[in-house]
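A.B. asks: what follows is a protein structure lacking sequence information:
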């Protein structure tokens, strides 16, 4: 499997961590989005949306969208619950991540860390909604070790990607102690270091 | 199953259409988001994110996020491909819908139709990205009857919800003839009238 990813992007790292947790071999092809490398004709032929990560599976067929990719490669593994309801809850967190967390927590980080915007010049809407997302996670993790059940699932993979670097966008996890403890737990469970 | 939904919301209608296509009985509980009915204590106890749709399954357990709900209730049905790669592509479209289509096409419609904003006062970013989303669908549907394979899947359910009413936010489908023909095809396949 080839992973076309940008190391700056948590969405791309989700795919790397999942492949590594499952012992699945892959080649990482660094794709610099800020240099337009996801908008070349060759890239758009794989993924017309021009987004990383995009993988090319062993049989040559492409697949995009970080959460769709990790669902595809982890199907049947310990990272996907067998119970139908737990599976549904895992999917609920994964869609929520892309709609209600990433557009604020990841976007703030991108603007601050890579575009050099001062934290106090972020759009108030981004700051407010990012805080709401982290508060919602705090509520869920106050009495639970992981987002779904007693072990790490793809919900944790998806949410940890930008939560663990939320401070780079101005969101201190000191205000969310259960989230902070969960980040360490997920990093250990998935052997995440980078 | 109880569906807490707002009839104005395509995300909520996805759940209704899927339940009907599968002959699954449900009670619809109209939940007016503009009147704050998804922010009451009783609602937040079901879904701390305060978002519709939220369903309460037959066993009393809640589930949220439109695409997670329809994946849960349609598992094993004709709306979910058996082939693993086709399944992955379906998921790709569903995550793309929530990240790259709904925040522009649905948000434009909400602002124009429900908040009364003139189309020419929409944020340029919303108009541009909504157009890009429709153009990407046009490319995919130029030579294919449905988004994945030869029959309707949950990818079509998810994408048709706001595409069929895109004109209400100022996006004319006349510029996207393959998308327009696909909308009619999906409406017929799923018996969508409202």
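C.D. replies: Nice, thanks for sending it over. If you're wondering where the values come from, they're calculated on a predicted model, not measured in any experiment.

A.B. asks: for the rest of this, base every contact and every neighbour count on C-alpha atoms.
C.D. replies: Will do.

A.B. asks: just give the number of residues close to residue A:154.
C.D. replies: 25 (other Cα atoms under 10 Å in any protein chain shown).

A.B. asks: same question for residue A:82.
C.D. replies: The burial count for residue A:82: 12, using other Cα under 10 Å.

A.B. asks: pretty sure residue A:119 is touching residue A:168, no?
C.D. replies: No. Counting by Cα atoms under 8 Å, residue A:119 sits too far from residue A:168 to count as a contact (9.2 Å).

A.B. asks: distance of the residue of chain A positioned farthest from its centre from residue A:49?
C.D. replies: Computed with Cα atoms, centre = their mean, the residue of chain A farthest from its C-alpha average is residue A:41, at 26.1 Å. Per Cα to Cα, to the nearest Å, residue A:41 is found 12 Å from residue A:49.

A.B. asks: what's the answer for residue A:174, then?
C.D. replies: Distance from residue A:174 to residue A:49, by Cα to Cα: 36 Å.

A.B. asks: who has more neighbours out of those two?
C.D. replies: residue A:49 (21 against 10).

A.B. asks: element containing the more buried one, please.
C.D. replies: Using DSSP states H and E, residue A:49 sits within no helix or strand.

A.B. asks: what's the burial count for the closest residue to it other than its chain neighbours?
C.D. replies: If the residues on either side of it in the chain are set aside, residue A:49 comes closest to residue B:136, at 6.9 Å by Cα to Cα, 6 or more residues apart in numbering or on different chains. Neighbour count for residue B:136, taken as other Cα under 10 Å: 16.

A.B. asks: what's the helix or strand for residue B:136?
C.D. replies: Per DSSP H and E: helix B:124-141 holds residue B:136.

A.B. asks: buried stuff in that helix?
C.D. replies: Neighbour counts using 16 or more other Cα atoms under 10 Å in any protein chain shown place B:126-127, B:129-138, B:140-141 of helix B:124-141 among the buried residues.

A.B. asks: angle of whichever helix or strand comes after that helix against helix B:124-141?
C.D. replies: The helix or strand immediately downstream of helix B:124-141 is helix B:154-163, counting by DSSP H and E. Calculated by axes from the mean of the first three to the mean of the last three Cα atoms, to 10 degrees, helix B:154-163 forms an angle of 140 degrees with helix B:124-141.

A.B. asks: helices or strands next to the helix or strand following helix B:154-163 in the packing?
C.D. replies: Remark: after helix B:154-163, the chain's next helix or strand is helix B:177-190, criterion DSSP H and E. Contact analysis of helix B:177-190 by 3 or more Cα pairs under 8 Å, 6 or more residues apart in numbering or on different chains; DSSP states H and E lists helix B:124-141, helix B:154-163 as its packing neighbours.

A.B. asks: run through the neighbouring helices and strands of the shortest one.
C.D. replies: Contact partners of helix B:154-163 among helices and strands, from 3+ Cα pairs under 8 Å, 6+ apart: helix B:10-21, helix B:66-74, helix B:84-96, helix B:177-190.

A.B. asks: wait, which of these is closest to residue A:91?
C.D. replies: Among the helices and strands packed on helix B:154-163, helix B:66-74 comes nearest to residue A:91, with 5.1 Å by Cα to Cα.

A.B. asks: can you confirm whether the closest one lies near chain A?
C.D. replies: Yes. Part of helix B:66-74 sits near chain A under the criterion Cα under 8 Å from any Cα of the partner chain, namely B:67-69, B:71-72.

A.B. asks: can I get these in TSV with pLDDT?
C.D. replies: Below are the residues of helix B:66-74 next to chain A laid out as TSV (pLDDT from 0 to 100):
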residue	pLDDT
B:67	98
B:68	98
B:69	98
B:71	98
B:72	98
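
A.B. asks: is it possible to get a markdown table of the helices and strands packed on helix B:154-163 that adds distance to residue A:104 and mean neighbour count?
C.D. replies: Listed next are the helices and strands packed on helix B:154-163 as a markdown table, based on distance: least, Cα to Cα, whole Å; neighbours: other Cα atoms under 10 Å in any protein chain shown:
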| stretch | distance to residue A:104 | mean neighbour count |
| --- | --- | --- |
| helix B:10-21 | 21 | 22 |
| helix B:66-74 | 20 | 22 |
| helix B:84-96 | 17 | 21 |
| helix B:177-190 | 30 | 18 |
